[in-house]
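Engineer: okay, structure incoming, though there's no sequence with it:
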């Protein structure tokens, strides 16, 4: 039976990835505000993309998926507004 030994720094690495993804999401949310979305619209998008879960409770994979969805929405809005 294999024994799992804790890898030093593994939790720190995961926490770092979580923080990085959350920061990226906040940056995209701010960009959406800057091009005209209201904070309520952005929160609605987050709920649609992430379900009822709060951002702080999402896994790294779920955060990446949310980030990609918000990034797609940002790119779509920029195309519609003809913003480079």
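Structural biologist: In hand now; what should we look at? As the structure is a computational prediction, the values presented were derived from the model and not from experiment.
Engineer: now do the helices in this structure.
Structural biologist: 10-34, 39-50, 60-81 (DSSP state H).
Engineer: reformat those helices as a markdown table; add mean neighbour count and mean pLDDT.
Structural biologist: Just so you know, the C-beta spots here come from the backbone N, C-alpha and C atoms, and that holds for glycine as well. Formatted as a markdown table, the helices of the chain follow (neighbours: other CB atoms under 10 Å; pLDDT from 0 to 100):
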| stretch | mean neighbour count | mean pLDDT |
| --- | --- | --- |
| helix 10-34 | 14 | 89 |
| helix 39-50 | 14 | 94 |
| helix 60-81 | 15 | 95 |
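Engineer: what's in contact with stretch 17-33?
Structural biologist: 39, 41-42, 45-46, 55-56, 60, 63-64, 66-67, 70-71, 73-74, 77 (CB atoms under 8 Å, 6 or more residues apart in numbering).
Engineer: could you rerun that using 6 Å?
Structural biologist: By CB atoms under 6 Å, 6 or more residues apart in numbering, the surrounding residues in contact with stretch 17-33 are 42, 60, 63, 67, 70, 71, 74.
Engineer: also stretch 70-84?
Structural biologist: With CB under 6 Å, 6+ apart as the test, stretch 70-84 has contacts from 28, 31, 32, 35.
Engineer: which pair in the residues you listed spans the largest distance?
Structural biologist: The span of the contacts of stretch 70-84, defined through CB to CB, is set by 28 and 35 at 11.0 Å.
Engineer: against residue 14, how distant is residue 44?
Structural biologist: Using CB to CB, to the nearest Å, one obtains 29 Å as the distance from residue 44 to residue 14.
Engineer: hmm, I typed the wrong one, I wanted residue 53.
Structural biologist: From residue 53 to residue 14 the distance is 18 Å (CB to CB).
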